[in-house]
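J.: give me a model of this one.
(one chain, ligands or ions: 1)
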Amino acid sequence: MPTAENERPMRIGEDFKVLLAADDIATRVRELGQAITRDYEGKELTLVAVLKGSFLFMADLARAIDLPLTCEFLGLSSYGSRRESSGIVKITQDLTQPVKGRHVLVVEDIIDTGLTISYLISNLRTRLPESVRIAALLYKPDNNKIPCKIDYLGFTIPNKFVVGYGLDLDGCYRNLPFIGVKSPDDAA
Ligand code: 5GP
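T.: Model prediction:
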């Protein structure tokens, strides 16, 4: 059961085992923000968040970066099953501004097989940005099919289906403040 103040025992969180506590997520996101601030000093940065799972990570990461930046959102839907990505991805909501000549930092919730991010990076490169890098909160190496360089990584996690802090199960639980696994873990 969650213990810290901001791990408040939300009723909807009662069936979940905490994998990453809210405080640990906040600390790591601040560290990523500091590294990004150092690396992009003096550059024109555009954050591109992948909806919907990245919305909380994007909100916290953007506030941890001490640089002028723009925020864009890309809606993607995967044709995979509920828990498995097929790599066939449809853009459901496109960027509102061109990224040509900009330094783009993709903000992704989780990289599992790598199929989604690899599609996304290829797509963004056709728009001629100055550079494209990846910030991912979570990485599940056990299931990875297409290796990609994650420039800013929050946590490496085991091959379990996680929810919370933006990540859903059938559209729910995105509002859990921690990242957890349904208990008992029926994803194992
Ligand atoms: P990939 O294409 O790398 O296999 O999967 C990326 C997408 O699959 C993520 O953006 C996310 O939407 C979904 N995904 C992969 N693993 C998980 C997980 O453990 N929990 C949730 N909620 N979504 C996941």
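J.: drop to CA atoms for contacts and neighbour counts, all remaining ones
T.: Fine.
J.: in the protein, where is pLDDT below threshold?
T.: Applying pLDDT under 70 to the chain flags the ranges 1-9, 79-87, 185-188.
J.: now with 80, please.
T.: 1-10, 12-13, 77-88, 183-188 (pLDDT under 80).
J.: so which residue is dead centre in it?
T.: By CA atoms, centre = their mean, the mean C-alpha position of the chain lies nearest to Asp109, the distance being 1.5 Å.
J.: following element in sequence after the longest helix seen in the chain, please.
T.: Across the chain, the helix with the greatest residue count (assigned by DSSP state H) is helix 22-39. Counting by DSSP states H and E, the next helix or strand C-terminal to helix 22-39 is strand 45-51.
J.: tell me how many other residues crowd Lys140.
T.: 18 (other CA atoms under 10 Å).
J.: and if you look at Ile179?
T.: For Ile179, using other CA under 10 Å, the count is 23.
J.: and it, bridged to which residues?
T.: For Ile179, the beta-bridge partners are Leu20 (DSSP bridges).
J.: isn't it right next to Ala21, touching?
T.: Yes: using CA atoms under 8 Å, Ile179 is in contact with Ala21, at 6.6 Å.
J.: give me every residue in the protein lying close to the ligand.
T.: With CA under 6 Å from any ligand atom as the criterion, the chain meets the ligand at residues 85, 87, 109-116, 160-163, 167-169.
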